[in-house]
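>>> okay, predicted coordinates and the sequence, questions at the end:
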Protein chains: 2
Amino acid sequence: MKRTKIKHALNAQEPMAGIHVGGWVRTKRDNKGFSFVEINDGSCLSNIQVVIDHTPEIVETLANVGTGASVAIDGELVESPGKGQKWEIRGTSIKLLGGADQETFPLQKKRHSDEFLRGIAHLRPRTNKYGAIFRMRSELAQAIHKFFAEKDFFYIHTPIITGSDCEGAGEMFRVTSLEHGSQKPVEEDFFGKPSSLTVSGQLSAEMFALSLGYVYTFGPTFRAENSNTPRHVAEFWMVEPEIAFADLADDMDLGEEMIKYLITHMLDHSAEDIELFAKFVDKSLMGTLENILNNPFERLPYTEAIRLLKKTKKKFEYPVEWGMDLQTEHERFLCEEKFKKPVYVYDYPKTIKPFYMRMNDDNETVAAMDCLVPRIGELIGGSQREERMDVLLSRMDTLGLDKEEYWWYLDSRRYGSAPHAGFGMGFERMLMLVSGITNIRDVMPFPRTPKSLEF
Amino acid sequence: MKRTKIKHALNAQEPMAGIHVGGWVRTKRDNKGFSFVEINDGSCLSNIQVVIDHTPEIVETLANVGTGASVAIDGELVESPGKGQKWEIRGTSIKLLGGADQETFPLQKKRHSDEFLRGIAHLRPRTNKYGAIFRMRSELAQAIHKFFAEKDFFYIHTPIITGSDCEGAGEMFRVTSLEHGSQKPVEEDFFGKPSSLTVSGQLSAEMFALSLGYVYTFGPTFRAENSNTPRHVAEFWMVEPEIAFADLADDMDLGEEMIKYLITHMLDHSAEDIELFAKFVDKSLMGTLENILNNPFERLPYTEAIRLLKKTKKKFEYPVEWGMDLQTEHERFLCEEKFKKPVYVYDYPKTIKPFYMRMNDDNETVAAMDCLVPRIGELIGGSQREERMDVLLSRMDTLGLDKEEYWWYLDSRRYGSAPHAGFGMGFERMLMLVSGITNIRDVMPFPRTPKSLEF
């Protein structure tokens, strides 16, 4: 017997004798003399239909086989005479591996709300929708590694536990080996000094870009922000490329190429799963993705963006002034109404951006960029980094940063500094873009949110 | 001008006009009327030689170009008349991007100790050895994703922050948003209950194997162990496949196939970098790797291993008794002296293994396995998981575990349970195996160890 994934059985080129399939029962229909059993093994969205003739032994087994049970089937793959599938399995034996009590099994064949399924996050990947999203999550992660490998990037595992307390924006979680409430001094803690969970691998990645050229990180990042919104979780995955001998235009080129590559890859490799979302979750999904693929991204200086926002008749909740950070309503106006495609806004006022972004010649703006995408908002945020030691030091002074703490970061500008740039992309946002899912909790295996740490 | 990575220039099929290269100067030699400048851009181990004729302007620039400086070169790729390289760049212009003070630059051309370089972990990837190991680290990570993708596995991001306090062995770091020393009750902490950094994604991955079939995790894991050895760090990366409808033999097959695939991939894709290690770090490296590739792994029941260890004339520090955990000296004897190849020891006494491992029919041993590899010791540890609810519950009772806390884990046995198995492989150990590096700190970008949290 050849162990076979249902995905391969359904894509077979010819009948196969002697195959063995393990999977979970989605439905069972008993007829006179035989039964239909629909099996899913998670390898793809589709079930395979098993037709199995009754013998006394098989009838006895089938009596205990309900929705959710796991079974092992021996049989042969034959062309299906029925409609709706090319192949089916003519079963010769069925073995019940693990039953599912039909009274209590939470995934009986009916629609369940996303909220209900969040409460059983350990079982939801057995549903069509969540099976699909987690296969897509895997495919998207693979696509990211493939994209960067093809472009000669090196994958760097930047540290998760960090001693830098101002890597980027956002509240940080503390990491400690002291007991809760311990009054021992921080010197007695594991690292002998305050330690936190990273909010960005950028500063570390810069050290590697300035050694290996093109690098990227792809790992978990953390925010201890007490916000319960469909867009916030405490733990999420981020992709952060960093490129040496490159400027802001190169950075925007890279981001645009990456986004288009990922969408193309997903349409090619996750077609069946994406179709599910286009059909049941977001009817405009295919249009959104094709629009992104088929248009060059707009590149709009911040100052010009402000001018456009001031000029429009549209009323905003937040008044528009040069120097402000763009709010979601402004971002959505620009990409969804004004340009109707992704928009890079770049050259932001220095006052609203961190110390490491490169000062422009006007001495008022820095070489920062955000990529705004219809329906998602900000998908990418990045900048050219300040490679000039004197300018960097003066920025740090202005912002009151402790230069001692950044001795290693500054070393990279002291020895063989070079122009470089990079950006961060929230992995979950990209997955929301290609699936149409609107709550970030529904694209993560076990989401971490305030007061919620189940599983 | 076409921006070109040195790797591609050195592998060119024909001369190229109008190329642009950015990189760091390794050496410079001035001659009458022209200079040689060796440039490295991190894309590969080899430097490219730039020959540049003197003009007054170029002489002025070259005066400030020392080892470690970053430069941008325009020129053409031509066949090199010199020995030792096929191609060189005939430079037409050189631009100094960032100088390096020759008095203080720590990476002057001489051998530095690994220990010294650990102190400048932000600069060490600019050396040959560390550039090579971090390119290999990237390649090995790519190979892992490729292997599992080819075998229809799905990549799952299991949570880093966890509420389970007994996922596996080892001390855990606490995660908190309360201030150091705060006396607030844990209910007021971010998650409202104790939270820690994961020591294994296994239990979460099992939920996905029992939905999607074949899955794997590849992410950071943590141990708050206060041990300062060449084999221990507080933060490291682990690969954990989990396969449904599979038993311990399948698990060992998978591990062996994976290890051989990874070594083959590295020999094919990182040949130049591995050669450096075979030459300067571990002269026996190639022999070790070929031995692993060319032999089927030994599969040895624990009870038989004990018999062999008792029988040998070799004296061990720890006396050998059935029921004991194998010590490093025993493991090394088995794989390095007795079998001289990788050895799976399997079916360990239940008393030394965790609750989730599957009980064997003898009721004394569990379906656990460790893969012992010459020079490295334990590279893989895994088991078939206990899929039978009654046996699992009785094990948890025996070990005094709180079943309430594992309600979700037990659900997977309650509904459609199926035989499944998995293992964990320390990513850094694998990287040490293919490089010959013996200190784990030297295969990590920024290692985290007790009292050490720099960078």
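Sure thing, it's come through. Numbers count the residues shown, from 1 in each chain, chains lettered A, B, ... in the order given.

>>> the stretch 351-455 of chain A against chain B: which residues are in contact?
Applying Cβ under 8 Å from any Cβ of the partner chain, we find that the stretch 351-455 of chain A lies next to chain B at A:387, A:408-409, A:411-419, A:444-446, A:448, A:450-455. For every residue, glycine as well, the C-beta is placed using N, CA and C.

>>> got the buried residues for stretch A:407-420?
For stretch A:407-420, the neighbour count (16 or more other Cβ atoms under 10 Å in any protein chain shown) marks A:408-420 as buried.

>>> next: stretch A:64-84.
A:65, A:66, A:67, A:68, A:69, A:70, A:71, A:72, A:73, A:75, A:77, A:80.

>>> ok, longest strand in chain A?
Longest strand in chain A by number of residues (criterion: DSSP state E): strand A:16-30.

>>> pLDDT at the closest residue to residue A:232 other than its chain neighbours, what is it?
Distances taken as Cβ to Cβ, 6 or more residues apart in numbering or on different chains place residue A:225 nearest to residue A:232, at 6.3 Å, with adjacent residues excluded. Residue A:225 is assigned 92 on the pLDDT scale.

>>> can you give me the strands for the stretch 1-150 of chain A?
A:2-3, A:16-30, A:34-40, A:48-53, A:70-79, A:87-98 (DSSP state E, counting those that start in this stretch).

>>> got the ones you listed as a markdown table, with mean pLDDT columns?
Below are the strands of the stretch 1-150 of chain A laid out as a markdown table (pLDDT from 0 to 100):
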| stretch | mean pLDDT |
| --- | --- |
| strand A:2-3 | 92 |
| strand A:16-30 | 97 |
| strand A:34-40 | 98 |
| strand A:48-53 | 98 |
| strand A:70-79 | 98 |
| strand A:87-98 | 98 |
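
>>> tabulate the ones you listed (TSV), appending distance to chain B.
TSV is the format used below for the strands of the stretch 1-150 of chain A (distance: least, Cβ to the nearest Cβ, whole Å):
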stretch	distance to chain B
strand A:2-3	8
strand A:16-30	3
strand A:34-40	9
strand A:48-53	13
strand A:70-79	4
strand A:87-98	3
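
>>> and those as JSON lines, adding distance to residue B:87?
Listed next are those as JSON lines, based on distance: least, Cβ to Cβ, whole Å:
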{"stretch": "strand A:2-3", "distance to residue B:87": "50"}
{"stretch": "strand A:16-30", "distance to residue B:87": "52"}
{"stretch": "strand A:34-40", "distance to residue B:87": "55"}
{"stretch": "strand A:48-53", "distance to residue B:87": "55"}
{"stretch": "strand A:70-79", "distance to residue B:87": "54"}
{"stretch": "strand A:87-98", "distance to residue B:87": "54"}
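
>>> closest one to residue A:335 among those strands?
Smallest distance to residue A:335 across those (Cβ to Cβ): 38.0 Å, for strand A:34-40.

>>> without its sequence neighbours, what residue ends up closest to the residue of the stretch 301-450 of chain A found nearest chain B?
Closest contact between the stretch 301-450 of chain A and chain B, by Cβ to the nearest Cβ, is at residue A:417 (3.2 Å). Closest residue to residue A:417 apart from its sequence neighbours, by Cβ to Cβ, 6+ apart: residue B:98 at 3.2 Å.

>>> that neighbour against residue B:70, yeah?
Yes. Contact status for residue B:98 versus residue B:70: in contact at 4.5 Å, counting by Cβ atoms under 8 Å.

>>> overlap in contacts of the two?
Here residue B:98 and residue B:70 have A:416, A:417, A:418 as joint contacts, going by Cβ atoms under 8 Å, 6 or more residues apart in numbering or on different chains.

>>> can you give me the pLDDT of the second one?
Read that as residue A:417. 98.

>>> can you give me the strands for the stretch 151-300 of chain A?
A:154-155, A:161-162, A:174-176, A:196-197, A:214-222, A:235-244, A:298-301.

>>> redo these as CSV? Include mean pLDDT.
Formatted as CSV, the strands of the stretch 151-300 of chain A follow (pLDDT from 0 to 100):
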stretch, mean pLDDT
strand A:154-155, 98
strand A:161-162, 96
strand A:174-176, 97
strand A:196-197, 96
strand A:214-222, 98
strand A:235-244, 98
strand A:298-301, 98
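
>>> re the thing from before, let me have the buried residues of stretch A:407-420 in TSV, extended by secondary structure and distance to residue B:277.
Shown next, in TSV, are the buried residues of stretch A:407-420 (DSSP: H, G, I helix; E, B strand; the rest coil; distance: Cβ to Cβ, whole Å):
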residue	secondary structure	distance to residue B:277
A:408	helix	26
A:409	helix	29
A:410	helix	32
A:411	helix	27
A:412	helix	26
A:413	helix	31
A:414	helix	30
A:415	strand	26
A:416	coil	25
A:417	coil	30
A:418	coil	28
A:419	coil	32
A:420	strand	28
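
>>> separation between residue A:210 and residue B:393?
Computed as Cβ to Cβ, to the nearest Å, the residue A:210 to residue B:393 distance reads 55 Å.

>>> more neighbours, those two?
The neighbour comparison of residue A:210 against residue B:393 (other Cβ atoms under 10 Å in any protein chain shown) goes to residue A:210, with 30 against 17.

>>> skipping adjacent residues, who's closest to the more buried one in space?
Nearest to residue A:210 is residue A:412, by Cβ to Cβ, 6+ apart, at 5.0 Å.

>>> now do the contacts for residue A:130.
A:117, A:124, A:442.

>>> which one of the residues you listed sits closest to residue A:194?
residue A:442 (34.4 Å).

>>> quick check: that closest one touching residue A:113?
No. Contact criterion Cβ under 8 Å: residue A:442 and residue A:113 do not qualify, at 10.9 Å.

>>> and the two? which has more neighbours close in?
residue A:442 (23 against 8).

>>> roughly how far apart are the more buried one and residue B:368?
Counting by Cβ to Cβ - residue A:442 and residue B:368 are separated by 36 Å.

>>> over to residue A:182?
From residue A:182 to residue B:368 the distance is 36 Å (Cβ to Cβ).

>>> ok, these two, which is more surrounded?
The neighbour comparison of residue A:182 against residue B:368 (other Cβ under 10 Å) goes to residue B:368, with 25 against 15.

>>> against residue B:378, how distant is that one?
With Cβ to Cβ as the criterion, residue B:368 and residue B:378 are 12 Å apart.
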